[in-house]
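Colleague: What follows is a protein structure lacking sequence information:
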């Protein structure tokens with residue numbers, strides 16, 4: 001029994017089913033034919049080019065819409081070539097002959113004509129990529145360093161010449177305790193006849209830097225064809241101390257000093273000599289006052305001096321080289337800026353170095369360097385602007401001297417896997433005439449080594465710092481073994497947030513020298529880091545430190561450093577102070593700093609730091625006051 005019989009319904013005949021199917025197909029065809037008419041827009045518009053469109057824009061003219069037209073057939077259409085075929089009309093049609101329902105004829109061609117060449121506006125010639133933005137109507141804002149600005153070299157000011165202007169305001173306030181002696185022939189306090197006076201000092205310094213740079217050429221993938229740079233710096237400083245003859249040799253000058261100075265820190269021309277490969281490996285030369293550093297962290301020589309430098313790259317920038325000669329400029333005493341009003345020093349620095357990228361592993365840069373320091377100031381006497389003698393140093397036999405020193409060095413910087421690594425080693429060899437404590441010629445043989453290992457743990461970086469500078473065990477011998485640099489500025493072990501590195505600690509009662517100079521890590525017993533000579537008869541230094549940088553916020557960093565300090569040898573200090581001195585432990589140097597960048601950039605940087613030297617037995621034997629400290633607040637604004 002069929003299903004229809006079970007349900008009580010009469011079975012439909014085949015003819016009835018066929019009539020029903022034809023009615024459905026006819027209704028679908030009528031709807032398809034009427035759809036274009038029912039959906040057609042009532043109103044159309046003619047655009048500026050004469051085309052008929054349905055969207056109205058300003059200036060378009062209203063016109064009647066064209067009626068749709070459908071072709072009766074598509075000539076040449078065959079099954080299998082995209083032509084529509086009718087569904088089988090006979091009930092017995094097989095499945096292989098069915099090609100789907102009839103979807104009607106393909107839509108008619110658009111009545112909108114194709115645009116011709118005359119419909120497009122004439123092309124506008126653009127001489128270079130920088131002026132494309134000008135043609136789009138963008139404006140320059142000279143006060144905005146972040147967006148297009150001709151003063152920030154975002155576009156040429158003429159042809160392919162670019163101008164870059166930078167303005168920097170650096171404000172520092174510092175309150176510090178520094179070991180100080182009483183005045184030699186006068187004192188600010190009645191009855192103050194001890195060797196040591198009060199240690200309090202306060203300093204305010206304001207520097208304004210204007211940097212003008214002009215470049216010629218497309219510098220995206222290659223160095224500039226020419227570069228001219230001029231950087232004058234104006235400095236005002238005020239110092240207040242507790243003892244006479246501390247800031248000036250004349251006791252009548254009192255205990256306060258205000259000074260100002262204008263120095264030239266960059267004044268050079270650079271010429272691109274040639275390209276030596278299709279990847280823009282090059283040779284260039286730079287002549288004039290220019291900044292230079294012999295290594296990654298400023299251990300040996302980092303300064304702005306007058307010189308000539310040939311430099312370039314090879315093998316797709318894998319190798320970089322420098323060949324340079326510098327003649328040192330006298331410095332202003334209170335600002336540390338170049339003083340062009342004085343004659344050049346007879347102190348020459350010759351440098352040859354080679355950088356090798358990804359050596360010995362990827363991500364690590366190795367550098368080999370040879371530096372020759374030739375000093376011929378043995379017949380000169382020089383006093384600083386405050387009246388203190390600096391050449392020769394008031395130390396030892398106090399006789400002017402000449403010296404020739406060659407530094408052989410290796411430096412490395414980069415990472416080995418997740419470990420960040422910086423390494424430096426120098427061996428100094430040469431001679432000086434006469435020695436520091438001997439009138440005879442002295443041979444120089446000294447070593448220096450530094451290592452910093454760090455690793456990042458998310459937003460925390462931990463550091464381990466190790467440093468060694470050899471000391472002299474016999475100041476009266478004809479061999480000087482204390483290591484000294486030419487002009488150091490170490491970015492290491494906390495840098496200038498460290499009390500030992502930041503402050504100049506004088507050797508009171510041992511001559512007119514300091515144990516360590518400002519922004520220096522070596523215990524070199526120099527009269528002045530800027531104006532004095534290198535001294536290879538010194539106690540040397542050993543440092544072991546731990547530190548951490550905590551990026552609390554994108555614009556807020558907190559740093560800690562703890563360094564343990566030792567003299568490498570104490571014999572030189574014992575001779576200079578004429579006292580028994582055996583303990584090498586200087587103490588623990590603790591410091592912390594906070595750096596805040598409200599704009600998450602270097603345009604506004606606020607920094608405050610505090611450091612304290614917890615005196616060890618060695619410092620206790622030298623100085624009566626324990627645990628000297630400092631506090632600093634710094635505001636740096638950059639345009």
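Modeller: Everything's here; your move. Please read all numbers here as calculations on a predicted model, not as lab measurements.
Colleague: so residue 527 touches residue 383, yeah?
Modeller: No - contact criterion Cβ atoms under 8 Å: residue 527 and residue 383 do not qualify, at 10.5 Å. Quick note: C-beta positions are derived from backbone N, CA and C, even for glycine.
Colleague: which residues in the stretch 251-400 of the chain form strands?
Modeller: Taking DSSP state E, counting those that start in this stretch as the criterion, the stretch 251-400 of the chain carries its strands at 256-275, 282-293, 302-314, 319-327, 347-356, 364-375, 382-383, 389-391.
Colleague: Need the overlap of contacts for residue 527 and residue 383.
Modeller: 389, 390 (Cβ atoms under 8 Å, 6 or more residues apart in numbering).
Colleague: circling back: arrange the strands of the stretch 251-400 of the chain in CSV, one row each, with distance to residue 169 as further columns.
Modeller: Putting those into CSV (distance: least, Cβ to Cβ, whole Å) gives the following:
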stretch, distance to residue 169
strand 256-275, 15
strand 282-293, 19
strand 302-314, 19
strand 319-327, 29
strand 347-356, 31
strand 364-375, 33
strand 382-383, 32
strand 389-391, 30
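Colleague: so which of those strands comes closest to residue 438?
Modeller: With respect to residue 438, and counting by Cβ to Cβ, the nearest of these is strand 364-375 at 17.6 Å.
Colleague: CSV for the strands of the stretch 251-400 of the chain, including distance to residue 247 and mean pLDDT?
Modeller: Below are these laid out as CSV (distance: least, Cβ to Cβ, whole Å; pLDDT from 0 to 100):
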stretch, distance to residue 247, mean pLDDT
strand 256-275, 5, 97
strand 282-293, 28, 97
strand 302-314, 24, 97
strand 319-327, 30, 98
strand 347-356, 26, 98
strand 364-375, 28, 98
strand 382-383, 14, 96
strand 389-391, 15, 95
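Colleague: Quick check: which of the ones you listed is nearest to residue 473?
Modeller: Proximity to residue 473 (Cβ to Cβ) singles out strand 364-375 among the strands of the stretch 251-400 of the chain, at 23.4 Å.
Colleague: can you list the residues that contact that closest one?
Modeller: Contacts for strand 364-375 (Cβ under 8 Å, 6+ apart): 294-296, 300-301, 346-360, 402-416, 421, 486, 533-534.
Colleague: I'd like the distance between residue 207 and residue 131.
Modeller: 37 Å (Cβ to Cβ, to the nearest Å).
Colleague: of the two, who's got more company?
Modeller: residue 207 (20 against 12; other Cβ atoms under 10 Å).
Colleague: helix or strand for the more buried one, which one?
Modeller: Assessed by DSSP states H and E, residue 207 sits inside strand 200-216.
Colleague: Note down every partner strand of that strand and its orientation.
Modeller: Using DSSP bridges, strand 200-216 pairs in its sheet with strand 161-177 (antiparallel), strand 226-241 (antiparallel).
Colleague: tell me the contacts of residue 163?
Modeller: By Cβ under 8 Å, 6+ apart, residue 163 lies in contact with 150, 151, 153, 157, 212, 213, 214.
Colleague: Pull out the buried members of those residues.
Modeller: Among these, those classed as buried by 16 or more other Cβ atoms under 10 Å are 150, 151, 153, 213, 214.
Colleague: which one among those residues gets closest to residue 464?
Modeller: residue 213 (38.6 Å).
Colleague: wait, that closest one sits on residue 224?
Modeller: No - assessed by Cβ under 8 Å, residue 213 is found out of contact with residue 224, at 9.5 Å.
Colleague: so where do the helices sit in the stretch 51-200 of the chain?
Modeller: Per DSSP state H, counting those that start in this stretch, the stretch 51-200 of the chain carries helices over the ranges 130-135.
Colleague: and if you look at the stretch 401-550 of the chain?
Modeller: 499-502.
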